[in-house]
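[1] Output the structure for:
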Amino acid sequence: MVGGIGVAVVDMNDELVFELSKGFSGTEQQMDNDFVEMKALAEGLDVALMLDLGRPIIVTDNPFLHEYMTRPKHPVAANLATLSAQIILLVREITETHAHLVASRDVKFAFELSRKAIALQVNRSAGNSNAENMSESCTICLEDTHVDQMFLITGCQHRYCFSCMSKHVHFKLLLGILPKCPYDNCNSDLKLDSCQNFLTPELFDLMRLRVREASIPAAEKIYCPYPRCSTLLSITELQGRSVGSSSNDPELEIAKTCPRCNGMFCISCKVPWHSDMSCDDYKRLNPYPWNEEKKLKSLATENLWRQCPNCNHMVSLAGGCNHIFCRYYST
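    Below you'll find the predicted structure:
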């Protein structure tokens with residue numbers, strides 16, 4: 001089955017200033033009407049970013065697409081989830097968007113472009129060139145992609161184009177979630193090293209941090225107390241970094257050195273090293289050792305935030321019942 005989309009950018013006088021048409025192929029189940037409409041929306045938002053259109057007005061004759069854009073947290077089917085995540089990322093990059101539902105005659109440019117894209121895709125599918133044997137269709141965007149630009153998830157053998165994988169990983173990382181295979185209900189892990197093929201250096205570093213966070217049990221996590229560092233550390237890994245590891249002084253056994261900034265800190269009090277007093281004395285004299293912590297607790301009280309008892313992250317109730325799900329501890 002083949003399909004096509006058309007994106008037209010017009011000015012206030014209804015003059016065409018930019019056009020885009022794309023054809024694609026897939027199964028009937030993949031290419032339902034809602035998918036095609038959302039695919040067109042994603043391409044249109046991508047064009048808006050490319051042209052630096054600060055406040056684009058999105059015009060569509062499709063009620064589903066209009067409702068999706070105007071209703072916050074509009075539910076989508078499972079086969080649209082990854083595409084929806086891409087759209088959310090694009091919308092975040094745009095200053096402001098507005099959507100209007102219009103008659104079909106008012107989207108004549110886009111309609112004609114989609115017809116041309118379908119005709120071109122039909123002719124392409126009817127051919128049988130060697131070039132086609134070197135490409136395959138990504139099941140997320142349904143675009144024909146060269147095999148060198150397809151990413152294989154070794155645990156499940158699902159394959160997606162680099163562009164869709166990059167957007168999928170980016171969206172999950174923004175939510176503080178370690179990305180997995182985007183296929184619905186598939187929980188295959190993504191190997192960090194292989195993701196370097198399609199991630200920017202910044203996203204790769206962020207994913208490496210998420211992988212490390214996930215590898216450390218909640219009870220083992222501790223952060224360097226120096227504000228300019230705040231590196232995530234493991235209590236077990238720190239056992240061999242005691243300042244007094246060759247000393248018989250038990251007090252020095254709790255003095256640790258951060259492997260990143262080399263700052264000394266107390267693993268019991270979770271503060272920079274208090275060399276002139278014991279932990280009991282320090283805690284008695286400093287029940288609230290950091291002004292920043294006081295401010296955070298005050299802000300948490302004001303906004304009805306709660307602290308996860310397992311990982312100590314602050315969590316808030318977004319809506320629904322009073323049960324709060326901590327995405328960091330995943331319980």
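[2] Count the residues that sit near residue 108.
    Counted with other Cβ atoms under 10 Å, the neighbours of residue 108 add up to 12. Backbone N, C-alpha and C define where each C-beta goes, glycine included.
[3] hang on, it in a helix?
    Yes. Secondary structure assignment places residue 108 in a helix (DSSP: H, G, I helix; E, B strand; the rest coil).
[4] which residues touch the nearest residue to residue 181 once chain neighbours are set aside?
    For residue 181, ignoring the flanking residues on the chain, the nearest one in space by Cβ to Cβ, 6 or more residues apart in numbering is residue 188 at 4.2 Å. Under the criterion of Cβ atoms under 8 Å, 6 or more residues apart in numbering, the contact partners of residue 188 comprise 153-156, 158, 180-181.
[5] need the strands for the stretch 101-250 of the chain, in chain order.
    Remark: strands of the stretch 101-250 of the chain, listed N- to C-terminal, are 135-137, 144-146, 150-152, 159-161, 221-223, 232-234; assignment by DSSP state E, counting those that start in this stretch.
[6] Would you indicate which residues of the second one are buried?
    In other words, strand 144-146. Neighbour-count burial for strand 144-146, counted by 16 or more other Cβ atoms under 10 Å, picks out 144-145.
[7] helices and strands around that strand, which ones?
    When contacts are defined as 3 or more Cβ pairs under 8 Å, 6 or more residues apart in numbering; DSSP states H and E, strand 144-146 sits against strand 135-137.
[8] Residue 27 versus residue 89, what's the distance?
    Residue 89 sits 26 Å away from residue 27, going by Cβ to Cβ, to the nearest Å.
[9] one step back: with mean pLDDT and distance to residue 266 added, can I get the strands of the stretch 101-250 of the chain in a markdown table?
    As requested, the strands of the stretch 101-250 of the chain are exported to a markdown table (pLDDT from 0 to 100; distance: least, Cβ to Cβ, whole Å):
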| stretch | mean pLDDT | distance to residue 266 |
| --- | --- | --- |
| strand 135-137 | 82 | 56 |
| strand 144-146 | 86 | 53 |
| strand 150-152 | 93 | 45 |
| strand 159-161 | 92 | 47 |
| strand 221-223 | 87 | 11 |
| strand 232-234 | 88 | 13 |
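[10] can you pull the contacts of residue 258?
    Counting by Cβ under 8 Å, 6+ apart, residue 258 touches 224, 226, 229, 231, 233, 264-265.
[11] which one of these has the most neighbours?
    Among the contacts of residue 258, residue 265 has the most neighbours (other Cβ under 10 Å), with 26 neighbours.
[12] thinking that residue is in contact with residue 223, fair?
    No. At 9.8 Å, residue 265 does not count as touching residue 223 under the criterion of Cβ atoms under 8 Å.
[13] In JSON lines, list the contacts of residue 188 along with pLDDT.
    As requested, those are arranged in JSON lines below (pLDDT from 0 to 100):
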{"residue": "153", "pLDDT": "93"}
{"residue": "154", "pLDDT": "89"}
{"residue": "155", "pLDDT": "88"}
{"residue": "156", "pLDDT": "92"}
{"residue": "158", "pLDDT": "93"}
{"residue": "180", "pLDDT": "93"}
{"residue": "181", "pLDDT": "94"}
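[14] which of those residues are buried?
    Among those, those buried by neighbour count (16+ other Cβ under 10 Å) are 153, 180-181.
[15] returning to what we had before: what about residue 89 and residue 27, which has more around it?
    When neighbours are counted by other Cβ under 10 Å, residue 89 comes out ahead of the other of residue 89 and residue 27, with 16 against 11.
[16] quick one: that one and residue 83, what's the gap?
    The value you get for residue 89 to residue 83, if Cβ to Cβ is used, is 11 Å.
[17] intersection of neighbour lists for the two?
    Shared contacts of residue 89 and residue 83, defined by Cβ under 8 Å, 6+ apart, are not found at any residue.
[18] In contact with residue 234: list those residues for me.
    Applying Cβ under 8 Å, 6+ apart to residue 234 gives the contacts 216, 220-222.
[19] My guess is residue 149 contacts residue 160. True?
    No. Residue 149 sits out of contact with residue 160 when judged by Cβ under 8 Å, with a separation of 10.1 Å.
[20] How about residue 185: what's its closest non-neighbour residue?
    In space, and not counting its chain neighbours, residue 185 is closest to residue 78: 8.0 Å by Cβ to Cβ, 6+ apart.
[21] do residue 211 as well
    residue 192 (5.4 Å).
[22] roughly how far apart are that neighbour and residue 253?
    Using Cβ to Cβ, residue 192 is found at 34 Å from residue 253.
[23] next one: residue 16
    If you go by Cβ to Cβ, the gap between residue 16 and residue 253 works out to 73 Å.
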